[in-house]
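Undergrad: missing the sequence, but the structure's below:
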């Protein structure tokens, strides 16, 4: 079976999308689905290319048991062909992704908060210019949405339910 490949995307790939990658990777590993699901992250812009995630995001994530190890990179044209699902963090990301997607793109695009039940979150807010509470809120949203996304994939894609 080919791996189902998910790419999480935010503006600069230093806060939300690397955190989403780490949260989802943790969930995939804890359910022993690493042979079935692969995750990565990227940014709309390449301004932070080659950098680690923001230290505040890494710290907040570490306190919940997540290690953010990804290195920032921009979305590449071939991502639309090599990933099955590209997940944006906010509406601006989604608009950019739709503009960037080639007409023959393989990847399905969706907003991560489409998987938030009744929490009222319509976007994953960018915590970059705020305080610690913003990073904590992002993790709260990511845990809910990634859990529901993975459950949906297990239903839709017949991934193992271990």
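TA: Nice, I can see it. Being a predicted model, the structure only gives us computed values, none of them experimental. Numbering: from 1, shown residues only.
Undergrad: Quick one: the helices in the chain, in order.
TA: Along the chain, counting by DSSP state H, helices occupy 16-30, 55-62, 79-82, 91-100, 132-156.
Undergrad: weakest of those by average pLDDT?
TA: When the helices of the chain are ranked by mean pLDDT, helix 132-156 comes last with a mean of 93.
Undergrad: Counting by contacts, list what that helix packs against.
TA: Counting contacts by 3 or more Cβ pairs under 8 Å, 6 or more residues apart in numbering; DSSP states H and E, helix 132-156 packs against helix 16-30, helix 55-62. (C-beta placed from N, C-alpha, C; glycine too.)
Undergrad: which helices and strands does the longest one pack with?
TA: Spelled out, that is helix 16-30. On a contact count with 3+ Cβ pairs under 8 Å, 6+ apart, helix 16-30 meets strand 4-10, strand 37-43, helix 55-62, helix 132-156.
Undergrad: rerun at 10 Å
TA: In this structure, helix 16-30 packs against strand 4-10, strand 37-43, helix 55-62, strand 85-88, helix 132-156, with contacts taken as 3 or more Cβ pairs under 10 Å, 6 or more residues apart in numbering; DSSP states H and E.
Undergrad: Redo the ones you listed as a markdown table? Include distance to residue 24 and mean neighbour count.
TA: Below are the helices and strands packed on helix 16-30 laid out as a markdown table (distance: least, Cβ to Cβ, whole Å; neighbours: other Cβ atoms under 10 Å):
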| stretch | distance to residue 24 | mean neighbour count |
| --- | --- | --- |
| strand 4-10 | 7 | 25 |
| strand 37-43 | 5 | 24 |
| helix 55-62 | 12 | 18 |
| strand 85-88 | 9 | 26 |
| helix 132-156 | 5 | 18 |
